[in-house]
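> Sequence plus the predicted model coming up.
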Amino acid sequence: MGVNELVFAVSVFFILEGLLPFISPKLYKFLLMQMLNTNENSIRITGLILIIMGVILMNLF
C-alpha cells in the first residue's frame, strides 16, 4: 500500500467519523454517554469485531 492509499484511507476515516457529530450533535452526545455506562468487555469485543471486519475488507480489495 502506497502513501496515497494510506492518506486516502485516513481521509475517509476522518470524514466518516465527523458525519455524526456534524449532522446530529445531540445524538452523538447521547451515544457517548451510553458508552460511558457500557461494560468495558463489551466495548473491547465491539472493537475486536470492527478490527476483524476491517482486515477482511482490506483483504477482499
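Structure's in. What do you need?
> Going by C-alpha atoms from here, please, whenever you check contacts or count neighbours.
OK.
> quick one: the residue nearest the centre of the chain and Ile43, what's the gap?
Per Cα atoms, centre = their mean, the C-alpha nearest to the average position across the chain is that of Glu17, at 6.5 Å. Glu17 is 17 Å from Ile43, where distance means Cα to Cα, to the nearest Å.
> returning to that earlier point: work out the gap between the strand or helix carrying the residue nearest to the centre of the chain and the centre of the chain.
Secondary structure from DSSP states H and E places Glu17 in helix 3-23. From the chain centre to the centre of helix 3-23 is a distance of 10 Å (Cα atoms, centre = their mean, to the nearest Å).
> can you check stretch 16-30 too?
13 Å.
> before we move on, back to that, in the helix holding Glu17, what's buried?
Within helix 3-23, not a single residue qualifies as buried, counting by 16 or more other Cα atoms under 10 Å.
> What mean pLDDT does it get?
For helix 3-23, the mean pLDDT works out to 91.
> what does that helix contact?
27-28 (Cα atoms under 8 Å, 6 or more residues apart in numbering).
> Report the angle between the helix or strand that it is followed by and helix 3-23.
Following the chain from helix 3-23 toward its C-terminal end, the next helix or strand by DSSP H and E is helix 25-36. For helix 25-36 against helix 3-23, the angle by axes from the mean of the first three to the mean of the last three Cα atoms, to 10 degrees is 100 degrees.
> Please name every helix or strand in contact with helix 25-36.
helix 3-23 (3 or more Cα pairs under 8 Å, 6 or more residues apart in numbering; DSSP states H and E).
> then the helix it packs on to CSV, C-alphas only?
In CSV, the C-alpha atoms belonging to helix 3-23 read as follows (Å, rounded to 0.1, in the frame of the first residue of the first chain):
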residue,chain,number,x,y,z
VAL,A,3,1.3,6.7,0.7
ASN,A,4,-1.5,7.9,-1.5
GLU,A,5,-3.7,5.0,-0.5
LEU,A,6,-2.9,5.5,3.2
VAL,A,7,-3.7,9.2,3.1
PHE,A,8,-7.0,8.4,1.2
ALA,A,9,-8.0,5.8,3.8
VAL,A,10,-7.3,8.2,6.7
SER,A,11,-9.2,10.9,4.9
VAL,A,12,-12.2,8.6,4.5
PHE,A,13,-11.9,7.7,8.2
PHE,A,14,-12.0,11.4,9.2
ILE,A,15,-15.0,12.1,7.0
LEU,A,16,-17.0,9.1,8.4
GLU,A,17,-16.1,9.9,12.0
GLY,A,18,-17.1,13.5,11.5
LEU,A,19,-20.5,12.9,10.0
LEU,A,20,-22.5,12.0,13.1
PRO,A,21,-21.3,14.9,15.3
PHE,A,22,-21.9,17.3,12.4
ILE,A,23,-25.3,16.0,11.5
